[in-house]
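Enquirer: return a 3D structure for these sequence lines:
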Amino acid sequence: MAIIDVRRDAERVFDVLKDGGIAIFPNDVGYALMGGSEDAVKRINSAKGRGGHKRNAFLCGLDTQRELHVLDTRSREMIEAITSDYDLPLGAVAPFDPGHPMLRNVPPGLLATSTANGTLAMLLNAGPLFRDTLSAQSG
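Expert: Okay, here's the model as predicted:
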């Protein structure tokens, strides 16, 4: 029986992204096709045969979502209930703080692929490889 090393797989995904590559991996809602640069997102759009108008979501944890999205208490509690209390994945699109320091190093073209009309799309809690990729990124 094969043993899956989710942590090592996550580290490989992050290494590919750091080097400007594209990574595809399964998650709880299907799959994620990830890129961390404008060029990578263009290659993803080309591979999928879709135009640049299609929005992408930032993959992030609840802490990052809380930092960037500008939400009222009830909306924050709903996101936390879905992703923490019920451990479900969630695509959240909400107003955000474009001047937040966390976004300073995101190229404008890359940020534009995940924003529209003052909102930012984020995918939260998408599965074990997703969680370990976030851990590898911060570690």
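
Enquirer: after the helix or strand hosting Ala40 comes which helix or strand?
Expert: Element membership of Ala40, judged by DSSP states H and E, is helix 38-48. For helix 38-48, the following helix or strand on the C-terminal side (DSSP H and E) is strand 58-60.

Enquirer: and that next one, average pLDDT?
Expert: Here strand 58-60 scores 83 as its mean pLDDT.

Enquirer: which residues touch the helix or strand following that strand?
Expert: Counting by DSSP H and E, the next helix or strand C-terminal to strand 58-60 is helix 62-68. The set of residues external to helix 62-68 that reach it, using Cβ atoms under 8 Å, 6 or more residues apart in numbering, is 58, 60, 76, 79-80, 83-84, 92, 96-97, 100, 102-103, 120, 122, 124-125. Bear in mind the C-beta positions are built from the backbone N, C-alpha and C, glycine included.

Enquirer: so what secondary structure elements neighbour the longest helix anywhere in the chain?
Expert: The longest helix of the chain (DSSP state H) is helix 6-18. In terms of contacts (3 or more Cβ pairs under 8 Å, 6 or more residues apart in numbering; DSSP states H and E), helix 6-18 is packed against strand 22-27, strand 30-35, helix 128-138.

Enquirer: now do that helix and strand 22-27, the angle between them.
Expert: 150 degrees (axes from the mean of the first three to the mean of the last three Cα atoms, to 10 degrees).

Enquirer: report the buried residues of helix 6-18.
Expert: Within helix 6-18, the residues scored as buried using 16 or more other Cβ atoms under 10 Å are Asp9, Ala10, Glu11, Val13, Phe14, Val16, Leu17.

Enquirer: taking strand 30-35 as reference, get the angle to it.
Expert: Counting by the same axes, to 10 degrees, helix 6-18 lies at 40 degrees to strand 30-35.
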